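In: Provided below are the primary sequence and the corresponding predicted coordinates.
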Amino acid sequence: MGETLSTASEKEAPDTKKEGKKNEIKENVNEAVPVRNFLLIKEVIDNEEDGLHLIGTFVQTVTVRGEFGKFGEEGAEQKYFPYRINDITADEGNGYVIKRRTKHVKEDGEIKAYRTTFQAKLPMKVDEIFDGFPFKVVKATVAIELNTISDERTDRPNPIGEEEDLYRPDLYLHPRDRRNNVSIQEAEKVSPTEEGEVVQQATTEKEWIKLAKEKLDQTTTFDFIAAKPEIHYRYDTKKNYCPRFDVSFYMVESGMTNFVAIFYPLLLICTMNTFHVLYTSKDPGSDEVDAGAISDFIANSAAFALTAVFILPEIIQPGTTQDIFSLNNIYVVMIFVSLSLSSFPATESLSGSFFGGDTWDVSAYAYLGMILFWMSFAIPIFNLVLFFRFVWFLKKKGLPNGPDPMESFKMSDFLKGAGKKVDLKNDDKLVAVREVVLGNKAAYTHDGEVLYKCVKKIGTKTMIVEYQGNFGKV
């Protein structure tokens, strides 16, 4: 069964005793302290300066022994573990996490529990996982880690020079309801009436999803594929504790924006270029090429090319890595090549001293460029098919070596108000992340459903634990 909070902190400390001094010097504390960290997600916002941010509230409950220095001293200010967001310490300077209040919620002999509430504005890292113009799917992630606390030793010397106690935060999970780990704030429906506005809670799963998306999605650049987060806990196998978890959302950059800003102008250029090539002709009643027509042809071609120069860079966004042979790059090259070929006058021949007195038929190049331009639109159409296929797999099947499909989770796994209240007081029967790593399913199985699973190992010391989809019946 899972460890209870009252006993989970009883772990072995490093042996610092030397021969002859066994009774003179006490060992330093190197303790993994049980921590219940609840995250309430309120909304995701964005702006041009700061990018994506997750707005929410942390409720951190720390259970410790009274004898542990920093946590045990009466009146001590440090009754919680500070946060590190995306590997950056959260402080008043960056405003990522701001403490609101601390409450002493339990005392049973040497066992004490402190609950601290924080307001959070967490920056999210955006990684592209599908980029096929005009569609882009990203994974927005925030890494939340609790810092180890050191308490300098002043009460006694240490023979090996380690003059501080270490308290390592060990995250615990709820064994029955995953909304007690990470939850999305409930959304309300406001209906205008003659007597004023009436606030109503959603009554069906469909209403919950609709209202949750509307409240959660406060971004102008992205749209949520689903209002369900992906939760990963990172367990340190060397030190046998879990100080970090990641929260991710899958989002799509608005394809309509790219259609209006890029695709439609390119379609207009292609159409005008087609008329430009087809209806350029010689001077009526003459076998000579109209020099004025050629001049206008080249001027128009230059105008088309200049317009494309300003539009096409929007297709390829800057990034840390670039694939030279990506479909987006091929699309850009095809447009430039087609416009270059279309700049040849669509006449039967050109002649003169430049060509050695011979005639040179260049109309074929113009027609080839016109055809190539139209063929280039096959790439956005192909990307459209790939995009819908990618999103379908993400929802229905899950990605290769990725999380369970989104539709394997119920919205009640995440929505705070879906059916019952979140339980912040049940602190005695939580399960350590290590129980999931060890595969002790009895500790985290509820009503025959396995709630968590250990999915993979990263490097030599990190195991990833995530939510189990509704396929884990036992």
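Out: Perfect, thanks for sending it.

In: now residue 136: how far from residue 311?
Out: 17 Å (CB to CB, to the nearest Å). C-beta here means a position set from N, CA and C on the backbone, and glycine is covered the same way.

In: when the two are compared, which one has more neighbours?
Out: In this view residue 136 and residue 311 are compared by other CB atoms under 10 Å, and residue 136 has more residues nearby, 21 against 17.

In: quick one: pLDDT of the more buried one?
Out: pLDDT for residue 136: 86.

In: which residue, other than its chain neighbours, is closest to it?
Out: Nearest in space to residue 136, with sequence neighbours left out and distances taken as CB to CB, 6 or more residues apart in numbering, is residue 253 at 4.1 Å.

In: which ones are touching the one you found?
Out: By CB atoms under 8 Å, 6 or more residues apart in numbering, the contact set of residue 253 is 135-138, 221-222.

In: that one and residue 368: what is the separation?
Out: From residue 253 to residue 368 the distance is 34 Å (CB to CB).

In: residue 435 now?
Out: 67 Å.

In: of these two, who's got more company?
Out: residue 435 (23 against 16).

In: just give me the neighbour total for the closest residue to that one other than its chain neighbours.
Out: Nearest residue to residue 435, sequence neighbours excluded (CB to CB, 6+ apart): residue 443, at 4.5 Å. Residues lying near residue 443 (other CB under 10 Å) number 21.

In: and residue 443, what's its pLDDT?
Out: Note on residue 443: pLDDT of 86.

In: what about it, which SS state?
Out: helix (DSSP: H, G, I helix; E, B strand; the rest coil).

In: where exactly do the helices run in the stretch 1-150 of the chain?
Out: Secondary structure of the stretch 1-150 of the chain (DSSP state H, counting those that start in this stretch): helices at 69-72.

In: flag the shaky bits of it, pLDDT-wise.
Out: Counting by pLDDT under 70, the stretch 1-150 of the chain has low-confidence residues at 1-29, 65-78, 109.

In: residue boundaries of the strands in it?
Out: Using DSSP state E, counting those that start in this stretch, the strands of the stretch 1-150 of the chain run over 30-47, 51-65, 83-85, 88-89, 97-108, 111-123, 125-132, 135-146, 149-152.

In: can you put those strands in JSON lines and add distance to residue 341?
Out: Converted to JSON lines, the strands of the stretch 1-150 of the chain look like this (distance: least, CB to CB, whole Å):
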{"stretch": "strand 30-47", "distance to residue 341": "41"}
{"stretch": "strand 51-65", "distance to residue 341": "40"}
{"stretch": "strand 83-85", "distance to residue 341": "52"}
{"stretch": "strand 88-89", "distance to residue 341": "51"}
{"stretch": "strand 97-108", "distance to residue 341": "58"}
{"stretch": "strand 111-123", "distance to residue 341": "46"}
{"stretch": "strand 125-132", "distance to residue 341": "25"}
{"stretch": "strand 135-146", "distance to residue 341": "28"}
{"stretch": "strand 149-152", "distance to residue 341": "68"}
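
In: nearest to residue 213, of the ones you listed?
Out: Evaluated with CB to CB, the strands of the stretch 1-150 of the chain place strand 30-47 nearest to residue 213, the distance being 10.7 Å.

In: run me through the strand neighbours of that closest one, direction for each.
Out: Applying DSSP bridges, strand 30-47 is found paired with strand 51-65 (antiparallel), strand 164-173 (parallel), strand 182-184 (parallel), strand 217-218 (parallel).

In: so which of those strands is nearest residue 334?
Out: Closest approach to residue 334 among the strands paired with strand 30-47 (CB to CB): strand 51-65, 32.0 Å.

In: for the closest one, buried residues please.
Out: Within strand 51-65, the residues that qualify as buried are 52-65, counting by 16 or more other CB atoms under 10 Å.

In: list just the nearest of these to residue 179.
Out: Of all the buried residues of strand 51-65, residue 59 has the smallest distance to residue 179: 12.7 Å, by CB to CB.

In: now do the same contact list for the closest one.
Out: Applying CB under 8 Å, 6+ apart, the residues contacting residue 59 are 37-38, 40, 115-118, 424.

In: that one and residue 337, how far apart?
Out: Taking CB to CB, one finds residue 59 at 59 Å from residue 337.

In: same thing with residue 49?
Out: 38 Å.

In: same question for residue 227.
Out: For residue 227, the distance to residue 337 - CB to CB - is 43 Å.

In: these two - which one has more neighbours?
Out: Looking at residue 227 and residue 337 with other CB under 10 Å, you find the greater number of neighbours at residue 227, namely 24 against 15.

In: residue 237 and residue 459 touch, don't they?
Out: No - here residue 237 lies out of contact with residue 459, judged by CB atoms under 8 Å, at a distance of 9.7 Å.

In: more neighbours: the two, which one.
Out: The neighbour count for residue 237 versus residue 459, taken as other CB under 10 Å, is higher for residue 237 (14 against 6).

In: can you tell me, leaving aside adjacent residues, what's nearest to that one?
Out: Of all residues not flanking residue 237 in the chain, residue 461 sits nearest, at 5.1 Å (CB to CB, 6+ apart).

In: from residue 335, how far off is residue 308?
Out: From residue 308 to residue 335 the distance is 6 Å (CB to CB).

In: swap that for residue 126, sorry
Out: 27 Å.

In: ok, now residue 325?
Out: 16 Å.

In: who's more crowded, the two?
Out: residue 335 (23 against 6).

In: so that one sits right up against residue 375, yeah?
Out: No - the criterion here is CB under 8 Å, and residue 335 misses it with residue 375 at 10.5 Å.

In: for the stretch 201-350 of the chain, just list every one of the strands.
Out: 217-218, 222-224, 230-236, 241-253, 350-351.

In: which one of those lies closest to residue 453?
Out: Of all those, strand 230-236 comes closest under CB to CB, at 10.8 Å.

In: what are the pairing partners of that closest one, and which direction each?
Out: strand 241-253 (antiparallel), strand 462-467 (antiparallel).

In: deepest of the ones you listed, which one?
Out: strand 241-253 (a mean of 22; mean count of other CB atoms under 10 Å).

In: quick one on the thing from earlier: tabulate the buried residues of strand 51-65 (JSON lines), appending distance to residue 91.
Out: Shown next, in JSON lines, are the buried residues of strand 51-65 (distance: CB to CB, whole Å):
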{"residue": "52", "distance to residue 91": "21"}
{"residue": "53", "distance to residue 91": "16"}
{"residue": "54", "distance to residue 91": "18"}
{"residue": "55", "distance to residue 91": "18"}
{"residue": "56", "distance to residue 91": "18"}
{"residue": "57", "distance to residue 91": "18"}
{"residue": "58", "distance to residue 91": "15"}
{"residue": "59", "distance to residue 91": "20"}
{"residue": "60", "distance to residue 91": "16"}
{"residue": "61", "distance to residue 91": "22"}
{"residue": "62", "distance to residue 91": "19"}
{"residue": "63", "distance to residue 91": "25"}
{"residue": "64", "distance to residue 91": "23"}
{"residue": "65", "distance to residue 91": "28"}
